[in-house]
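next one to model:
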Amino acid sequence: MRDPNPNDIRILTNFVQTFRKYGLLLFRLLTSSQVSAWLKIIPIISVLYLLNPFDPPQFLLPFLGMPGLSAIDDITVLLIGFKLFVELSPTYLVDRLWDEIEYDIPADDDAIDATYTYLDDE
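Numbers count the residues shown, from 1 in each chain. The predicted structure follows:
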């Protein structure tokens, strides 16, 4: 048995961290009041499609007759739905939430963005 390659472990670790951050982004967007309820239907429908016991007919996707490949359409719909949801969400909100997740900034919805000028007393 060969020793694990450190590059492989680093790649896997980065993938898991990015996957976790993207999941947090989806959750925060779904729970945000700044995202339209109509828009929140997209990921819900994607998950419902994943839970749907019926697959497309074999004549539409003949390669799905092979064992294990019938999940490809489910995963594809799920990923496209999540990506579409994030892309259609307000950009300023996605950017702010991603920065909070990426840099471990605590969520503060009461913060006000402002500019200031420092006045020297002398």
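
can you list the domains in the protein?
1-34+93-105, 36-88 (automatic domain parsing).

where among those is average confidence lowest?
Among the domains of the chain, domain 36-88 carries the lowest mean pLDDT, at a mean of 80.

put together CSV for the domains of the chain, with mean neighbour count and distance to residue 119 on each row.
Where you see a C-beta, it was placed from the backbone N, CA and C, and this is true even at glycine. Output for these, formatted as CSV (neighbours: other C-beta atoms under 10 Å; distance: least, C-beta to C-beta, whole Å):
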stretch, mean neighbour count, distance to residue 119
domain 1-34+93-105, 12, 28
domain 36-88, 13, 42
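
got a list of what the spatially most central residue of the chain touches?
Nearest to the mean C-alpha position of the chain, by C-alpha atoms, centre = their mean, lies residue 22 at 3.7 Å. When contacts are counted by C-beta atoms under 8 Å, 6 or more residues apart in numbering, residue 22 touches residue 82.

repeat that with 10 Å
82, 83, 86, 98, 101 (C-beta atoms under 10 Å, 6 or more residues apart in numbering).

farthest-separated two in the residues you listed?
83 and 101 (16.7 Å; C-beta to C-beta).

make JSON lines from the contacts of residue 22 and add distance to residue 118 and secondary structure to it.
Shown next, in JSON lines, are these (distance: C-beta to C-beta, whole Å; DSSP: H, G, I helix; E, B strand; the rest coil):
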{"residue": "82", "distance to residue 118": "44", "secondary structure": "helix"}
{"residue": "83", "distance to residue 118": "43", "secondary structure": "helix"}
{"residue": "86", "distance to residue 118": "38", "secondary structure": "helix"}
{"residue": "98", "distance to residue 118": "30", "secondary structure": "helix"}
{"residue": "101", "distance to residue 118": "31", "secondary structure": "helix"}
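
what's the closest of those residues to residue 3?
Nearest to residue 3 among the contacts of residue 22, with distances taken as C-beta to C-beta, is residue 101, at 33.3 Å.

just say helix, strand or coil for residue 104.
With DSSP: H, G, I helix; E, B strand; the rest coil as the basis, residue 104 sits in coil.

understood, closing this out.
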